[in-house]
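In: sequence and predicted model, in that order:
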Amino acid sequence: MTKKLSRGVAVVGVGMSKFGAFPEKHSRDLFVEAYQELKQSVQNGFDPKEIEAFYMGNFSSDHFENQAHLAPIVASWVGLSPVASMRIEDACASGGVALRQAVLAIASGQCDVVLVGGLEKMTDLSAARVTDALALAADTMFEVPAGFTFPGFYASMATAYLDQYHADPDALLKVGIKNHENGALNEKAQFGQRISDVMASKKAKAAQKGLPIPEWADEMAFMKDPKANPMIAWPLRLFDCSPVSDGAAAVLLVSEELAQKYTDHPIYIIGAGQASDGALAERDSLSSVPSAAHAAAQAYEMAGLTPDDIDFAEVHDCFTIAEVMATEDLGFFPRGEGWKAAMAGETARDGKHPVNTSGGLKAKGHPVGASGVAQVVEMWKQLNGLAGGRQLTPRPTVGLTHNVGGTGQTCVVHIFERRS
Amino acid sequence: MAECNLESKAFYNAIHQDVLIGSRCKDCGHVSIPQRLICRVCHSDQAEQIEFSGFGTLATFTVIYVPPTEMVEAGYNAKNPYCVGIVALEEGPRISAQIVGLDLADPGKIKIGMPVRKTVVERGPEDKRKKVLAFEPA
Ligand SMILES: [Zn+2]
């Protein structure tokens, strides 16, 4: 039986902080920045007193900032006390799951106006401590002792994928190049540089230091240079990995019947799905993310749509291989064809299935708890024609977000549409 | 054969005795590693402990150049990377483990499907030595 929301839910405003490394800021400051932008984006404004609940995605303020029980603090910092505030933790899918819980709160009729947040402040720790903290999203009893890191898990999926489909590993590098192209057009991105810009700045740095100036024939040559793009977990290199980031995002959700009170151009959540899985080793497939396919099937069924109805998608490219697998798990391309589509530019802004127009986690940055909420910011911008230099033309009608926790132990998918 | 114990920590108690254990569902025959009481296929809670041969094949792998703290402490780094993978046991189920005894100079030469067998590596400081499951080429 098709599961529908008991009542419709709309996004009426969004905001996000700049993503990057901000040693002077606490995560609550980043959320204040996102919330301030959200306030500006709600066309007719809103009274904060109308907000009835605050769902906040955050993976690990405990480890990153030595702070548990963060939601009420953040709520207080944006003046929302005594509103019900809760932190949702599902690793890198925390933001997407917070969104889903907010959707369900409104659909149930218990709330009419809900604030969704996502935030993470990761750069205060050393790289090794960040690696250790992220590893907590895997099974620390049976996966981590093997020596797995998060790049290692996705690298193992890449090895399985490349072997199973005899795929060209260059496809992964193409994903990174494409997402940096898009990120360069997003003023909020951590990396506002194309790979060609990175090459130019490395040359300039070498010249400045009086060192031999490196030469690369093109972007692919740079991406294959082990000095410029070192191996992290074979076959994944540095530019296959999303960065360690600080950032926050905020979304205001209201019931469908109230949406026009806030704005003439709400976007509607018409599909939602979520699924879980066990450890990577126990899955039937090592070259896909089964929970993503399950979550997508639920969302498509609720929306009454098929993958070909999706005009663009923000997918969870924590690693380049994750984007390739996502485009198959979501049904944009058949199994084993995602890498060819990436090679052929079909996921570029002018391709058949534009993916990660925001720059994705790769270039925009990946403050883990914020990522699933920041994906909604891109939905709002593209659907409302506000995406500036990266705006898709013609302006899309339907978009999809795909937010993965860990190695795919959690996946949450939402589908958005505009009606004006 | 170790005493039947389907709780999680029994796995490492068995590893310390050089035995690789798991469970088999008495109702549908599904085999799990690590062992577990409740079958993920048929939901039965009637399981028995089994012992694996320790032989299998490499299902997938990676070579890690940027290790986590525990592996840094074990002596690994970008110049001395290590292989970790997922092994498909000959009895069916898969498990994550470090893969030792391989030439890592060119990871492209490591082949999925390669036969492997169980071994054990020790990690940790002298006073807190622990045994961890690993595999090596068979
Ligand atoms: Zn069973």
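Out: Sure, I can see it.
In: neighbours of residue B:94, just the number please.
Out: 22 (other CB atoms under 10 Å in any protein chain shown). Just so you know, the C-beta spots here come from the backbone N, C-alpha and C atoms, and that holds for glycine as well.
In: okay, it and residue A:238: tell me how far apart.
Out: Going from residue B:94 to residue A:238 by CB to CB, to the nearest Å gives 29 Å.
In: and for residue A:95?
Out: If you measure residue A:95 against residue A:238 using CB to CB, the figure is 25 Å.
In: then residue A:246?
Out: Distance from residue A:246 to residue A:238, counting by CB to CB: 19 Å.
In: those two: which has the busier surroundings?
Out: Under the criterion of other CB under 10 Å, the comparison of residue A:246 against residue A:238 puts residue A:246 first, with 27 against 17.
In: just give the nearest non-adjacent residue to residue B:21, would you?
Out: residue B:14 (4.4 Å; CB to CB, 6 or more residues apart in numbering or on different chains).
In: ok, now how distant is that neighbour from residue A:201?
Out: Using CB to CB, one obtains 54 Å as the distance from residue B:14 to residue A:201.
In: again with residue A:135
Out: To residue A:201, residue A:135 is 31 Å away according to CB to CB.
In: same thing with residue A:8?
Out: As judged by CB to CB, residue A:8 and residue A:201 stand 47 Å apart.
In: these two: who's more crowded?
Out: The neighbour comparison of residue A:8 against residue A:201 (other CB under 10 Å) goes to residue A:8, with 18 against 11.
In: next up, phi/psi of that one, please.
Out: Torsion angles at residue A:8 (phi, psi; degrees, to the nearest 10) stand at phi -70, psi 160.
In: list the contacts of it.
Out: A:107, A:255-257, A:268-270 (CB atoms under 8 Å, 6 or more residues apart in numbering or on different chains).
In: rerun at 6 Å
Out: Contact partners of residue A:8, counting by CB atoms under 6 Å, 6 or more residues apart in numbering or on different chains, are residue A:256.
In: which residues does the spatially most central residue of chain B contact?
Out: Chain B has residue B:97 as the residue nearest its centroid, 4.1 Å off, counting by CA atoms, centre = their mean. By CB under 6 Å, 6+ apart, the residues touching residue B:97 are A:146, B:87, B:133-135.
In: reformat the residues you listed as a markdown table; add neighbour count and pLDDT.
Out: Below are the contacts of residue B:97 laid out as a markdown table (neighbours: other CB atoms under 10 Å in any protein chain shown; pLDDT from 0 to 100):
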| residue | neighbour count | pLDDT |
| --- | --- | --- |
| A:146 | 24 | 96 |
| B:87 | 29 | 98 |
| B:133 | 24 | 96 |
| B:134 | 24 | 97 |
| B:135 | 31 | 98 |
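In: now do the strands in the chain.
Out: In the absence of a named chain, chain A is used. A:9-16, A:53-57, A:84-88, A:113-121, A:231-234, A:236-237, A:246-255, A:267-276, A:312-314, A:398-405, A:410-418 (DSSP state E).
In: could you do chain B instead?
Out: Counting by DSSP E, chain B has strands at residues B:21-25, B:31-32, B:47-51, B:55-64, B:82-89, B:94-99, B:115-123, B:130-137.
In: neighbours around the residue nearest to residue A:319 when sequence neighbours are not counted, how many?
Out: Once flanking residues are discounted, residue A:319 sits nearest to residue A:154: 3.9 Å by CB to CB, 6+ apart. Residue A:154 has 26 neighbouring residues, counting by other CB under 10 Å.
In: mind checking pLDDT for residue A:154?
Out: pLDDT, residue A:154: 98.
In: what's it in contact with, if anything?
Out: The contact partners of residue A:154, by CB under 6 Å, 6+ apart, come to A:319, A:321-322.
In: I'd like these written out as a markdown table, with pLDDT added.
Out: Conversion of the contacts of residue A:154 to a markdown table gives the following (pLDDT from 0 to 100):
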| residue | pLDDT |
| --- | --- |
| A:319 | 98 |
| A:321 | 98 |
| A:322 | 98 |
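In: ok, those residues vs the ion, which is closest?
Out: The ion lies nearest to residue A:322 out of the contacts of residue A:154, by CB to the ion, at 31.5 Å.
In: what's the residue nearest to the spatial centre of chain A in contact with, if anything?
Out: Nearest to the mean C-alpha position of chain A, by CA atoms, centre = their mean, lies residue A:371 at 4.0 Å. By CB under 6 Å, 6+ apart, residue A:371 lies in contact with A:95, A:361.
In: having no further points to raise, I will conclude here.
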